[in-house]
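[1] I need the structure of the sequence given here:
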Amino acid sequence: QVQLVESGGGLVQAGGSLRLSCAASGIIFGINTMGWYRQAPGRQRELVARITGGGSTFYADSVKERFTISRDNAQDTVYLQMNSLKPEDTAVYYCNAVASNGAVRGSWGQGTQVTVSS
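    Now for the predicted structure:
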């Protein structure tokens, strides 16, 4: 059973930075694509970034050049470095393992709240 624990969120002013972490268990972490998602109030959850086991990355257009996804396979952890944060980045951020068809492998964790003030 996939278990995911996100951390690192908080309140930051526009233009600031945060680094999110996600610890995974219950999967062979190193071979799994991992993704960061976010859900803002009243909106659907959306993919922010994903990284394959080999390190290839994908970013949503809204976060390109500002966010960086990385992983530490020895620690079964995936990170999201967020720079130049904007108020529209405010959301609960979640991570999950991603199957080849785009579906998530695990249940959603509690997420970590990111709030960007203007």
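[2] what's the nearest residue to residue 18 if we skip its chain neighbours?
    residue 82 (5.0 Å; Cβ to Cβ, 6 or more residues apart in numbering). Every residue, glycine included, has its C-beta placed from N, CA and C.
[3] check which helix or strand covers the most centrally placed residue in the chain.
    Central residue of the chain (Cα atoms, centre = their mean): residue 36, 2.4 Å from the mean position. Using DSSP states H and E, residue 36 sits in strand 33-39.
[4] so the closest residue to residue 73 other than its chain neighbours, which state does it fall into?
    Among residues not flanking residue 73 along the chain, residue 30 sits closest, at 4.1 Å (Cβ to Cβ, 6+ apart). Of the three states, residue 30 takes helix under DSSP: H, G, I helix; E, B strand; the rest coil.
[5] thought residue 30 was touching residue 72?
    No. Using Cβ atoms under 8 Å, residue 30 is not in contact with residue 72; the gap is 10.0 Å.
[6] related to what we said a few turns ago, the residue nearest to residue 18: how many residues sit nearby?
    Number of residues near residue 82 (other Cβ atoms under 10 Å) recorded here: 27.
[7] any idea how far it lies from residue 46?
    Using Cβ to Cβ, to the nearest Å, residue 82 is found at 15 Å from residue 46.
[8] strands along this structure, start to end?
    3-7, 10-13, 18-25, 33-39, 46-51, 57-59, 67-72, 77-82, 91-98, 112-117 (DSSP state E).
[9] okay, those strands in a markdown table with mean pLDDT and distance to residue 106 next?
    Listed next are these as a markdown table, based on pLDDT from 0 to 100; distance: least, Cβ to Cβ, whole Å:
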| stretch | mean pLDDT | distance to residue 106 |
| --- | --- | --- |
| strand 3-7 | 95 | 6 |
| strand 10-13 | 98 | 24 |
| strand 18-25 | 96 | 8 |
| strand 33-39 | 97 | 10 |
| strand 46-51 | 97 | 14 |
| strand 57-59 | 98 | 19 |
| strand 67-72 | 97 | 16 |
| strand 77-82 | 98 | 13 |
| strand 91-98 | 96 | 5 |
| strand 112-117 | 98 | 16 |
